[in-house]
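S.K.: okay, here's the prediction I keep looking at, along with the sequence it came from:
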Amino acid sequence: MIFDGREFTEDLKNALRTGLMALARKPRLDIIYVGADASIESFTKTIIRVGNDVGVSTVVRSFSGTISQRDIICEIQMTADDTESDGIIVQLPLPAGIDTEAALRILPPEKDICVLSAKAFGLFMQGKIPSIPPVARAMMDILRKNRIILFERQVVVLGLGRLVGKPMRVCLEKAGAIVTGLDRTTGDPVLHLRNADIIISGVGKAHLIKPEMVKDGVVIIDGGTSELNGKIAGDADPACAGKCSFFTPVPGGVGPVTVAMLFQNLLDLVRQRRHR
(Lines give C-alpha, C1' and ligand atoms only; values in the text may rest on other atoms or scores of the structure.)
Protein backbone atom coordinates (compact mmCIF):
# COMPACT_ATOMS: atom_id res chain seq x y z
CA MET A 1 0.00 0.00 0.00
CA ILE A 2 1.26 3.48 -0.89
CA PHE A 3 0.08 5.95 1.73
CA ASP A 4 -1.71 9.17 0.70
CA GLY A 5 -0.82 11.77 3.30
CA ARG A 6 -2.97 14.50 1.77
CA GLU A 7 -6.15 12.43 1.94
CA PHE A 8 -5.30 11.19 5.43
CA THR A 9 -4.83 14.76 6.64
CA GLU A 10 -8.35 15.89 5.72
CA ASP A 11 -9.88 14.01 8.68
CA LEU A 12 -7.20 15.46 10.97
CA LYS A 13 -8.00 18.99 9.82
CA ASN A 14 -11.73 18.49 10.37
CA ALA A 15 -11.07 17.44 13.97
CA LEU A 16 -8.69 20.38 14.45
CA ARG A 17 -11.30 22.88 13.22
CA THR A 18 -13.80 21.55 15.73
CA GLY A 19 -11.33 21.69 18.62
CA LEU A 20 -10.00 25.14 17.75
CA MET A 21 -13.48 26.62 17.32
CA ALA A 22 -14.30 25.54 20.88
CA LEU A 23 -11.56 27.75 22.33
CA ALA A 24 -12.40 31.09 23.91
CA ARG A 25 -10.38 32.97 21.28
CA LYS A 26 -8.63 32.23 18.01
CA PRO A 27 -5.07 31.02 18.75
CA ARG A 28 -2.04 32.78 17.31
CA LEU A 29 1.04 30.99 16.01
CA ASP A 30 4.29 32.95 15.59
CA ILE A 31 6.87 31.70 13.10
CA ILE A 32 10.41 33.06 13.49
CA TYR A 33 12.47 32.69 10.35
CA VAL A 34 16.05 33.90 9.81
CA GLY A 35 17.77 34.10 6.41
CA ALA A 36 16.56 32.90 3.02
CA ASP A 37 15.92 29.28 2.10
CA ALA A 38 13.48 28.18 -0.59
CA SER A 39 12.44 24.96 1.15
CA ILE A 40 11.84 26.70 4.50
CA GLU A 41 9.88 29.46 2.78
CA SER A 42 7.73 26.83 1.05
CA PHE A 43 7.13 25.00 4.34
CA THR A 44 6.23 28.29 6.05
CA LYS A 45 3.65 29.04 3.35
CA THR A 46 2.15 25.59 3.88
CA ILE A 47 1.87 26.21 7.64
CA ILE A 48 0.15 29.56 6.99
CA ARG A 49 -2.29 27.97 4.51
CA VAL A 50 -3.22 25.13 6.84
CA GLY A 51 -3.47 27.56 9.76
CA ASN A 52 -5.97 29.67 7.84
CA ASP A 53 -7.88 26.51 6.94
CA VAL A 54 -8.25 25.23 10.51
CA GLY A 55 -8.73 28.57 12.27
CA VAL A 56 -5.33 29.71 13.55
CA SER A 57 -3.86 33.17 13.06
CA THR A 58 -0.24 32.99 11.90
CA VAL A 59 2.36 35.74 12.18
CA VAL A 60 5.71 35.38 10.40
CA ARG A 61 8.63 37.22 11.96
CA SER A 62 11.30 37.22 9.25
CA PHE A 63 14.85 38.46 9.84
CA SER A 64 17.97 38.95 7.75
CA GLY A 65 20.61 36.23 7.90
CA THR A 66 23.00 38.88 9.26
CA ILE A 67 21.02 39.38 12.48
CA SER A 68 23.16 38.99 15.59
CA GLN A 69 22.65 36.24 18.15
CA ARG A 70 21.81 38.86 20.77
CA ASP A 71 19.11 40.41 18.60
CA ILE A 72 17.46 37.13 17.57
CA ILE A 73 17.39 35.97 21.19
CA CYS A 74 15.72 39.28 22.12
CA GLU A 75 13.12 38.74 19.39
CA ILE A 76 12.39 35.21 20.57
CA GLN A 77 12.13 36.43 24.18
CA MET A 78 9.69 39.21 23.25
CA THR A 79 7.52 36.74 21.35
CA ALA A 80 7.63 34.26 24.23
CA ASP A 81 6.53 37.01 26.65
CA ASP A 82 3.65 38.15 24.42
CA THR A 83 0.43 36.91 26.02
CA GLU A 84 -1.31 36.96 22.63
CA SER A 85 1.13 34.39 21.25
CA ASP A 86 -0.01 30.80 21.84
CA GLY A 87 2.71 28.90 20.00
CA ILE A 88 6.13 29.59 18.50
CA ILE A 89 8.08 27.91 15.71
CA VAL A 90 11.75 28.78 15.26
CA GLN A 91 12.56 27.58 11.75
CA LEU A 92 15.78 25.58 11.61
CA PRO A 93 18.56 25.65 10.65
CA LEU A 94 19.58 29.04 11.99
CA PRO A 95 22.48 30.75 10.18
CA ALA A 96 26.08 30.01 11.11
CA GLY A 97 27.19 32.21 13.95
CA ILE A 98 23.96 31.83 15.93
CA ASP A 99 24.02 29.35 18.79
CA THR A 100 20.93 27.28 18.07
CA GLU A 101 20.74 25.76 21.56
CA ALA A 102 20.93 29.20 23.17
CA ALA A 103 18.15 30.47 20.89
CA LEU A 104 15.89 27.47 21.55
CA ARG A 105 16.50 27.67 25.29
CA ILE A 106 14.39 30.83 25.32
CA LEU A 107 11.27 28.98 24.17
CA PRO A 108 8.85 28.20 27.00
CA PRO A 109 7.82 24.52 26.76
CA GLU A 110 4.14 25.53 26.82
CA LYS A 111 4.65 27.43 23.56
CA ASP A 112 7.29 25.20 21.93
CA ILE A 113 4.97 23.34 19.54
CA CYS A 114 7.88 21.67 17.72
CA VAL A 115 9.36 20.41 21.04
CA LEU A 116 12.77 21.73 19.98
CA SER A 117 14.22 23.01 23.24
CA ALA A 118 16.07 20.66 25.56
CA LYS A 119 13.60 21.43 28.34
CA ALA A 120 10.53 20.66 26.21
CA PHE A 121 12.13 17.47 24.88
CA GLY A 122 12.92 16.34 28.41
CA LEU A 123 9.30 16.91 29.46
CA PHE A 124 8.14 14.98 26.39
CA MET A 125 10.35 12.02 27.32
CA GLN A 126 8.85 12.06 30.82
CA GLY A 127 5.30 12.32 29.47
CA LYS A 128 4.75 15.63 31.27
CA ILE A 129 3.55 17.68 28.30
CA PRO A 130 0.84 16.80 25.77
CA SER A 131 2.93 17.78 22.74
CA ILE A 132 5.08 15.31 20.79
CA PRO A 133 7.76 16.29 18.22
CA PRO A 134 5.53 16.73 15.17
CA VAL A 135 7.27 14.40 12.70
CA ALA A 136 7.28 11.62 15.29
CA ARG A 137 3.65 12.35 16.15
CA ALA A 138 2.75 12.16 12.46
CA MET A 139 4.60 8.86 11.97
CA MET A 140 3.06 7.27 15.05
CA ASP A 141 -0.43 8.38 14.00
CA ILE A 142 0.10 6.93 10.53
CA LEU A 143 1.26 3.61 11.99
CA ARG A 144 -1.55 3.45 14.54
CA LYS A 145 -4.40 4.34 12.21
CA ASN A 146 -3.16 1.90 9.58
CA ARG A 147 -3.06 -0.84 12.24
CA ILE A 148 0.64 -1.54 11.88
CA ILE A 149 1.73 -3.58 14.89
CA LEU A 150 4.79 -2.28 16.72
CA PHE A 151 4.97 -4.58 19.74
CA GLU A 152 8.05 -6.82 19.50
CA ARG A 153 8.60 -5.91 15.83
CA GLN A 154 12.14 -5.30 14.56
CA VAL A 155 12.31 -1.58 13.79
CA VAL A 156 15.32 0.19 12.30
CA VAL A 157 15.51 3.97 12.71
CA LEU A 158 17.89 5.65 10.27
CA GLY A 159 19.20 8.94 11.59
CA LEU A 160 19.21 9.93 15.24
CA GLY A 161 18.52 13.66 14.93
CA ARG A 162 16.25 15.73 17.13
CA LEU A 163 13.47 16.07 14.53
CA VAL A 164 12.90 12.43 13.55
CA GLY A 165 15.23 9.74 14.84
CA LYS A 166 15.59 10.63 18.50
CA PRO A 167 11.89 11.21 19.28
CA MET A 168 10.86 8.19 17.19
CA ARG A 169 13.11 5.93 19.25
CA VAL A 170 11.34 7.17 22.38
CA CYS A 171 7.87 6.61 20.90
CA LEU A 172 8.68 3.19 19.43
CA GLU A 173 10.29 1.88 22.59
CA LYS A 174 7.26 3.00 24.61
CA ALA A 175 5.13 0.99 22.15
CA GLY A 176 7.19 -2.14 22.80
CA ALA A 177 9.12 -2.27 19.52
CA ILE A 178 12.64 -3.69 19.32
CA VAL A 179 14.50 -0.64 18.04
CA THR A 180 17.90 -0.38 16.35
CA GLY A 181 19.13 3.15 15.73
CA LEU A 182 21.61 3.79 12.93
CA ASP A 183 23.56 6.91 12.03
CA ARG A 184 26.63 7.80 9.97
CA THR A 185 28.93 6.22 12.57
CA THR A 186 27.23 2.82 12.48
CA GLY A 187 28.96 1.40 9.42
CA ASP A 188 27.17 -0.72 6.82
CA PRO A 189 23.42 -0.50 7.57
CA VAL A 190 22.37 -3.13 5.00
CA LEU A 191 22.34 -6.12 7.36
CA HIS A 192 20.08 -4.28 9.78
CA LEU A 193 17.80 -3.06 7.01
CA ARG A 194 17.37 -6.54 5.51
CA ASN A 195 16.18 -7.89 8.88
CA ALA A 196 13.84 -5.01 9.64
CA ASP A 197 10.08 -5.40 9.79
CA ILE A 198 9.71 -1.62 9.84
CA ILE A 199 12.12 1.07 8.65
CA ILE A 200 11.83 4.68 9.83
CA SER A 201 14.10 7.13 8.04
CA GLY A 202 14.88 10.78 8.63
CA VAL A 203 18.36 11.17 7.17
CA GLY A 204 17.73 13.58 4.30
CA LYS A 205 19.81 11.70 1.72
CA ALA A 206 17.99 11.10 -1.56
CA HIS A 207 17.21 7.46 -2.34
CA LEU A 208 19.60 6.13 0.29
CA ILE A 209 17.42 3.01 0.75
CA LYS A 210 17.32 0.75 -2.31
CA PRO A 211 14.93 -2.18 -2.98
CA GLU A 212 17.73 -4.74 -2.69
CA MET A 213 18.41 -3.55 0.89
CA VAL A 214 14.98 -4.49 2.27
CA LYS A 215 12.92 -7.65 2.61
CA ASP A 216 9.53 -8.33 1.06
CA GLY A 217 6.62 -7.03 3.12
CA VAL A 218 8.63 -4.39 4.96
CA VAL A 219 6.98 -1.17 6.17
CA ILE A 220 8.87 2.01 5.23
CA ILE A 221 7.99 5.33 6.85
CA ASP A 222 10.06 7.95 5.05
CA GLY A 223 10.57 11.26 6.86
CA GLY A 224 13.64 12.36 4.92
CA THR A 225 13.57 15.21 2.42
CA SER A 226 16.28 16.42 0.07
CA GLU A 227 16.61 17.63 -3.50
CA LEU A 228 17.37 15.40 -6.47
CA ASN A 229 17.45 16.74 -10.02
CA GLY A 230 15.49 19.79 -8.94
CA LYS A 231 12.74 17.81 -7.21
CA ILE A 232 11.97 16.88 -3.61
CA ALA A 233 13.06 13.31 -2.86
CA GLY A 234 12.83 11.00 0.12
CA ASP A 235 15.39 8.70 1.71
CA ALA A 236 13.75 5.65 0.13
CA ASP A 237 13.98 5.00 -3.60
CA PRO A 238 10.35 4.97 -4.87
CA ALA A 239 11.10 1.52 -6.34
CA CYS A 240 11.10 0.20 -2.75
CA ALA A 241 7.31 0.52 -2.77
CA GLY A 242 7.12 -2.65 -4.87
CA LYS A 243 8.51 -4.68 -1.97
CA CYS A 244 6.60 -2.93 0.81
CA SER A 245 3.38 -3.85 2.54
CA PHE A 246 3.13 -0.14 3.45
CA PHE A 247 5.12 2.79 2.02
CA THR A 248 5.00 6.55 2.60
CA PRO A 249 6.18 8.50 -0.47
CA VAL A 250 8.01 11.82 -0.56
CA PRO A 251 6.43 14.22 -1.25
CA GLY A 252 2.84 13.58 -0.18
CA GLY A 253 3.42 11.13 2.66
CA VAL A 254 4.55 12.10 6.15
CA GLY A 255 4.91 15.81 5.29
CA PRO A 256 1.24 16.85 5.16
CA VAL A 257 0.50 14.92 8.35
CA THR A 258 3.41 16.65 10.12
CA VAL A 259 1.91 20.08 9.39
CA ALA A 260 -1.41 18.96 10.88
CA MET A 261 0.43 17.70 13.97
CA LEU A 262 1.99 21.14 14.51
CA PHE A 263 -1.53 22.45 14.98
CA GLN A 264 -2.55 19.47 17.10
CA ASN A 265 0.36 20.29 19.43
CA LEU A 266 -0.76 23.93 19.48
CA LEU A 267 -4.32 22.93 20.37
CA ASP A 268 -3.20 20.53 23.09
CA LEU A 269 -0.86 23.08 24.69
CA VAL A 270 -3.49 25.84 24.63
CA ARG A 271 -6.00 23.50 26.25
CA GLN A 272 -3.46 22.55 28.93
CA ARG A 273 -2.70 26.18 29.77
CA ARG A 274 -6.35 27.17 29.93
CA HIS A 275 -7.29 24.29 32.24
CA ARG A 276 -4.63 25.03 34.84
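M.R.: Thanks, I have it.

S.K.: hmm, Thr18 and Val54 touching each other?
M.R.: No - using CB atoms under 8 Å, Val54 makes no contact with Thr18, being 9.5 Å away. Placement of C-beta: from N, CA and C, glycine included.

S.K.: can you give the strand pairings for the helix or strand of the chain with the lowest mean pLDDT, parallel or anti for each?
M.R.: Lowest mean confidence among the helices and strands of the chain (mean pLDDT, DSSP states H and E): strand 226-228, at a mean of 86. Next to strand 226-228 in the sheet, as set by DSSP bridges, lie strand 231-233 (antiparallel).

S.K.: same question for the strand it pairs with, mean pLDDT?
M.R.: Averaging pLDDT along strand 231-233 gives 88.

S.K.: one step back: quick one: buried residues of the least confident helix or strand of the chain?
M.R.: Ser226 (16 or more other CB atoms under 10 Å).

S.K.: that older thread, who has more neighbours, Val54 and Thr18?
M.R.: Val54 (23 against 11; other CB atoms under 10 Å).

S.K.: so for Arg276, what's the pLDDT?
M.R.: pLDDT for Arg276: 61.

S.K.: look at the closest residue to Gly234 other than its chain neighbours and report its pLDDT.
M.R.: With CB to CB, 6 or more residues apart in numbering as the criterion, Gly234 has its nearest non-adjacent residue at 2.8 Å, and that residue is Val250. In the prediction, the pLDDT value recorded for Val250 is 95.

S.K.: ok, Val250 to Phe3 distance?
M.R.: Look at Val250 and Phe3: by CB to CB, to the nearest Å, they are 11 Å apart.

S.K.: ditto for Gly35
M.R.: According to CB to CB, Gly35 and Phe3 sit 32 Å apart.

S.K.: comparing those two, which shows the higher neighbour count?
M.R.: With other CB under 10 Å as the criterion, Gly35 and Phe3 differ in neighbour count, and Phe3 comes out ahead with 22 against 18.

S.K.: the more buried one contacts Phe246, correct?
M.R.: Yes - between Phe3 and Phe246 there is a contact under CB under 8 Å: 6.6 Å.

S.K.: and for these two, which residues touch both?
M.R.: Common contact partners of Phe3 and Phe246 (CB atoms under 8 Å, 6 or more residues apart in numbering): Asn146.

S.K.: can you report how many residues neighbour Thr248?
M.R.: Using other CB under 10 Å as the criterion, the residues surrounding Thr248 number 31.
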